[in-house]
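Peer 1: Quick one: sequence and predicted model below, then my questions.
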Amino acid sequence: MIPAKAPHSSSHTASLEAYHERYARSVEDPAAFWADESAALDWFRPADQIMRFDPITAEIAWFTGGKLNVSYNCVDRHAAVDPTRTALIFAANAPGEYRHIPFGELLREVCRFANLLRELGVKKGDRVCLYLPMIPELAFAMLACARVGAVHSVVFAGFSAEALRDRILDAGSAVVVTANEGLRGDKAIALKAIVDKAVLGLDVVKHVLVARHTPAEPHMVPGRDQWLADGLGRQRPYCPVEWMDAEDPLFILYTSGSTGKPKGVLHTTAGYLLYAARTFHYVFDAQPTDIHFCTADIGWVTGHSYILYGPLCNAVPSVMFESTPLYPDASRYWQVVDDLGATILYTAPTALRALMRFGDEPVTRTSRRSLRILGSVGEPINPGVWRWFHDVCGDGRCTVVDTWWQTETGGILISGLPGATPMEPGSATLPFFGVRPLLMDADGREVHGNSSPGHPVSGNLCLAGTWPGQARTIFGDHARFVQTYFSAYPGYYFTGDGCRRDENGNYWITGRVDDVLNVSGHRIGTAEVESALIEHAAVVEAAVVGYPHELKGTGIRAYVVTRADMNASAADLQAQVRIAIGAFAMPDQVILVPGLPKTRSGKIMRRILRKIAEGEREQFGDLATLADPGVVAEILDLCVGL
Ligand code: WT7
C-alpha cells in the first residue's frame, strides 16, 4: 500500500473519509446524488425524472424530460467565457509539430461541419460513420454530429475494409468521413482506399467526405466523394444546436463479444456526458490549470470519454496524439508532456510494458515536472509495471490511478481518487460514486465481505443498479443486450470480468471470464477471429485461445484444421484475419493441426487448447471423454518450441 499523495486546497476529494462519506450518500440515494451532479451541465430544459431502471427488461433512462446539447456543453458555453482558451492540442505524428485549437475556433469548425452535415441531408437520429486518424477533424466531426443530433459511429482506423463495411451496414450510415491517409510513425495508411473497398456496391452510402491530411491524391468517385475542405468552405461558421432529449442516442461504438458479430454499444446524451464529465472531474481531480494527455485512440471508448467529451465538458485542454509511443523513440510520450506542460497522462499498461524495455533513460532524460496524475486503463496493470510508472515516470511524486471500466459503462467505475485513496499497485481500488460492484459465485450467489487471511473473496464482477453512463442497448438488438449483460445474474449487470475483493475492500480485476481476449488493451472475441479464419476457403475449422504474452498481455493463438486438398500456410491465415478484422487482431501464432480435441458430441474442448497455449504439457485432466484422445499428443508435438 502506498499512501495517497497529500491533497491540495482545490482537490475535489480531500481525504479517504470524504470519499467514503460522499460514496455512502451516492449509493443510498443515487437520484439525489446525480441530480446534484447534473448541475455541472447546462440544460435547455430541466429533467422531470432522474432515473428509471428495470434490470429484467434492461430499460435504463436518466434525466428524462431534460433537454440539452452535447456540443453546446463541450464547446459553446466555454467559447462564450473565453474563446481564446485552448480546447484541443493536436500533437501530430511528426515530433514537435503541434496545433493549439482554442474554443472559439473549435466552435467555428464544429459549426461549419454541422452545416455541411445538414447540407448532405443528415438529420437528427441519422448515423454517421467516422473512419479517421487522430486528427482534429475527427473531434470536429463528432461534435458536429452531436450538434445536429446525428449519431456518430467511430470506427478505429486500424479496422480492415471488411470490418468497416460490416459496421457501416449495421449502423446504416449514409455518410462516411475519412482522410486520404493516416500517419503512424514512419508508415502511411491509405484510409480512403480502405473506405473505397468497404463501400463498394453499398447503396446506403451516399457521401464520402475526405480530409486532406497528407499530399496523397486518392481516387475520388464523382457525385459520392468530396474533399472535406471544399465542403466546409461553403459553410457559415454559425449553426444553431438541436436541443436533444436526454435519452436521444449520442453514439454507437462497436465492441467484441463472445459471438462472431460485433455489438454496436449505444450511449445516449445526458447520462453519458454527465458521467464522462464527472468521472473526469473526480478521478483526474481536474483543475482549470490542467493539460490532459490521454494517449488512446478516439476509435476506442477511452478516447470518446477521456480525450473528447470528459475533458471538453470540463473545459480542460486535451491532447490528440496522432503518433505512437515509440516514434521516433521511446521518449515520445515524455517529450510531448514536456513540450505541452501536460499535467495528466492517461495511458495503457501495454504501452508501459513496451516502454519499460528501453529502460529508464528515455524517461529520465525528460523533465516531466508538469505531471501530477498518471492514469492506467485497459487491462490489469502488473505491480512491477505500476511501480515503474509511479517511481520512474512519475518520479514518485504523482498519483497513479488504475481505472477499471468498459465500453458499455461509458466511463470509469472503479478507481482511486487523487488525494484520497491509498494506492495499491495492481488494484483498481474502490468504486466510483454511485457504483455498486458485487461478486458472484459459480452458483449465482453473491459473495459478501472482504477477503481475510486464508479466505480470498472473489467471483464474477457484477454491478447493482444503474449509473448515468451505462449503455442503453445494442443498436438494433435489444434482446442481445438483455441476453449478454442481464441474463447471467438476473437483476444485475454482468461485466464479463473476474475479480477479487481484498482485506481492505479494494477490487482486483483478474481478467475476462468469457470468450473475450484482452490483447494490448483491445477487446477481441475469439469467435470473431474464428469466423474470420473459417471464411478462408482452405479452413475446415478453427479454435482461437489466448496465451500469456510479454508485451500484449494476451497473445492470440489459432489452432486451424485445413482441407487436405488445399494449401494454406500460417502466414496466409494471419493475412486472412488482417483482411477480415484488422492487423491488431492477427493471431500471433497459427498452428495447423490435424484435428481439434472434441467431445463425442462434437464440442471443441477449448479448455485443453488453452492449457496447451499456456505451456501445459501433461496435466489435462480426464481425456477419456474425447472422441479422439490421440489428437492432444499430436497437437502438443506441433507446439514444441512455441
Ligand atoms: C475490458 C473492457 C475501459 C476502456 C478500455 C477498454 C479490461 C479495462 C481495466 C483495468 C483491469 C481492465 C476489463 C474490461 N479492463 N480497464 N483498469 N484493470 N482490467 O475498454 O474494450 O470495453 O474493454 O478491459 O477486462 O472488461 P473495452
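Peer 2: Everything's here; your move. Residues are numbered from 1 along each chain as shown.

Peer 1: which ones are touching I291?
Peer 2: By C-beta atoms under 8 Å, 6 or more residues apart in numbering, I291 lies in contact with 86, 89, 316-317, 319, 340-344, 370. Just so you know, the C-beta spots here come from the backbone N, C-alpha and C atoms, and that holds for glycine as well.

Peer 1: For the ligand, what is the nearest residue in the stretch 1-150 of the chain?
Peer 2: For the stretch 1-150 of the chain and the ligand, the shortest gap (C-beta to the nearest ligand atom) falls at M134, measuring 16.1 Å.

Peer 1: Once you drop chain neighbours, what's closest to that residue?
Peer 2: Excluding the flanking residues, the one nearest M134 by C-beta to C-beta, 6 or more residues apart in numbering is E322, at 4.3 Å.

Peer 1: Burial check on that neighbour, number of neighbours?
Peer 2: 21 (other C-beta atoms under 10 Å).

Peer 1: what's the spacing between it and K263?
Peer 2: Per C-beta to C-beta, to the nearest Å, E322 is found 28 Å from K263.

Peer 1: what sits against the residue of the stretch 1-150 of the chain closest to the ligand?
Peer 2: M134 touches 182, 297-298, 320-322, counting by C-beta under 8 Å, 6+ apart.

Peer 1: again, but for S173
Peer 2: Contacts of S173 by C-beta under 8 Å, 6+ apart are 126-129, 153, 204-205.

Peer 1: Run through the bridge partners of the nearest residue to L120 once chain neighbours are set aside.
Peer 2: Counting by C-beta to C-beta, 6+ apart, H207 is the residue found nearest to L120 once chain neighbours are left out, at 5.0 Å. Beta-bridge partners for H207, by DSSP bridges, are V175.

Peer 1: go on, G555?
Peer 2: Y547.

Peer 1: Run the chain-centre distance for the helix ranked longest in the chain.
Peer 2: Longest helix in the chain by number of residues (criterion: DSSP state H): helix 103-119. In terms of C-alpha atoms, centre = their mean, to the nearest Å, the centre of helix 103-119 is found 26 Å from the chain centre.

Peer 1: buried ones in that helix?
Peer 2: 103-118 (16 or more other C-beta atoms under 10 Å).

Peer 1: Run through who's touching that helix.
Peer 2: Contacts for helix 103-119 (C-beta under 8 Å, 6+ apart): 71, 75-76, 78-79, 82-88, 101, 128, 136-137, 139-141, 143-145, 147-148, 150, 175, 209, 228, 231-232, 234-239, 315.

Peer 1: repeat that for 6 Å
Peer 2: Counting by C-beta atoms under 6 Å, 6 or more residues apart in numbering, helix 103-119 makes contact with 71, 75, 78-79, 83, 85, 87, 140-141, 143-144, 147-148, 231-232, 235, 237-239, all of which sit outside it.

Peer 1: which among those residues end up buried?
Peer 2: Among these, the ones that count as buried by 16+ other C-beta under 10 Å are 71, 75, 78-79, 85, 87, 140-141, 143-144, 147-148, 231-232, 235, 239.

Peer 1: just checking, which of those residues belong to strands?
Peer 2: Taking DSSP state E, the ones among the buried ones among the contacts of helix 103-119 that sit in strands are A87.

Peer 1: so which pair among the buried ones among the contacts of helix 103-119 is furthest apart in space?
Peer 2: Using C-beta to C-beta, the pair of the buried ones among the contacts of helix 103-119 lying farthest apart is R85 and G231, separated by 27.7 Å.

Peer 1: what domains does the record give for this protein?
Peer 2: The record assigns the chain these domain ranges, following automatic domain parsing: 70-242, 518-638.

Peer 1: ranking those by burial, who's on top?
Peer 2: domain 70-242 (a mean of 20; mean count of other C-beta atoms under 10 Å).

Peer 1: nearest spatial neighbour of R353, skipping sequence neighbours?
Peer 2: Closest residue to R353 apart from its sequence neighbours, by C-beta to C-beta, 6+ apart: L551 at 5.4 Å.

Peer 1: Would you mind stating the distance between the residue of the stretch 101-250 of the chain found nearest the ligand and H207?
Peer 2: Of all residues in the stretch 101-250 of the chain, F156 sits closest to the ligand, at 10.5 Å by C-beta to the nearest ligand atom. F156 sits 21 Å away from H207 when distances are taken as C-beta to C-beta.

Peer 1: ok so, going back, select from the contacts of I291 every entry located in helices.
Peer 2: L340.

Peer 1: Filter the contacts of I291 down to the buried ones, PyMOL style.
Peer 2: Buried residues among those (16+ other C-beta under 10 Å), as a PyMOL selection:
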select buried, resi 86+89+316+317+319+340+342+343+344+370
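
Peer 1: Closest one to the ligand out of the contacts of I291, please.
Peer 2: Once C-beta to the nearest ligand atom is applied, the member of the contacts of I291 that ends up nearest the ligand is I344, at 15.9 Å.

Peer 1: quick one: contacts for that closest one?
Peer 2: 284, 290, 292, 373.

Peer 1: Pick the one among the residues you listed closest to T495.
Peer 2: The nearest one, if we look at the contacts of I344 relative to T495 and count by C-beta to C-beta, is F284, at 22.5 Å.

Peer 1: residues near that closest one, how many?
Peer 2: By other C-beta under 10 Å, 30 other residues sit near F284.

Peer 1: Kindly report the same for R512.
Peer 2: Here the number of neighbours of R512 (other C-beta under 10 Å) works out to 18.

Peer 1: Find the nearest non-adjacent residue to it, please.
Peer 2: G496 (5.6 Å).

Peer 1: ok, the one you found - how many residues close by?
Peer 2: G496, neighbours per other C-beta under 10 Å, totals 21.

Peer 1: What separation is there between it and A179?
Peer 2: Distance, G496 to A179, by C-beta to C-beta: 33 Å.

Peer 1: so for stretch 591-603, what's the average pLDDT?
Peer 2: Across stretch 591-603, the average pLDDT comes to 94.

Peer 1: mind checking how far that stretch is from the chain centre?
Peer 2: With C-alpha atoms, centre = their mean, you get 34 Å for stretch 591-603.

Peer 1: now the strands: where do they sit in the stretch 251-400 of the chain?
Peer 2: Here the stretch 251-400 of the chain has its strands, by DSSP state E, counting those that start in this stretch, at 263-268, 292-294, 318-321, 344-347, 373-377, 399-403.

Peer 1: Format those strands as CSV; extra columns: mean pLDDT and distance to the ligand.
Peer 2: Shown next, in CSV, are the strands of the stretch 251-400 of the chain (pLDDT from 0 to 100; distance: least, C-beta to the nearest ligand atom, whole Å):
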stretch, mean pLDDT, distance to the ligand
strand 263-268, 98, 8
strand 292-294, 99, 11
strand 318-321, 98, 16
strand 344-347, 98, 10
strand 373-377, 98, 5
strand 399-403, 98, 5
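
Peer 1: Figure out which of the ones you listed is closest to P468.
Peer 2: The nearest among these, by C-beta to C-beta, is strand 263-268 at 9.3 Å.

Peer 1: Show me what the closest one is in contact with.
Peer 2: 170, 247, 249-255, 257, 407-408, 410, 471-475.

Peer 1: Contact residues of this structure facing the ligand?
Peer 2: Contacts of the chain with the ligand, taken as C-beta under 6 Å from any ligand atom, map to 255, 301-302, 377-380, 402-407, 428, 495-497, 509, 512, 518, 523.

Peer 1: do that again at 5 Å, thanks
Peer 2: Counting by C-beta under 5 Å from any ligand atom, the chain comes close to the ligand at 302, 377-380, 402, 404-407, 428, 497, 509, 523.

Peer 1: So which of those are in helices?
Peer 2: Going by DSSP H, the helices hold T302 from the residues of the chain next to the ligand.

Peer 1: just to revisit the earlier point, not counting sequence-adjacent ones, nearest residue to the residue of the stretch 101-250 of the chain closest to the ligand?
Peer 2: G299 is the one closest to F156 (C-beta to C-beta, 6+ apart), at 2.9 Å.

Peer 1: List the buried residues for stretch 332-352?
Peer 2: Quick answer for stretch 332-352 (16+ other C-beta under 10 Å): 332-340, 342-352.

Peer 1: wait, doesn't K67 sit right on V241?
Peer 2: No - K67 is beyond contact range of V241, at 10.4 Å (criterion: C-beta atoms under 6 Å).
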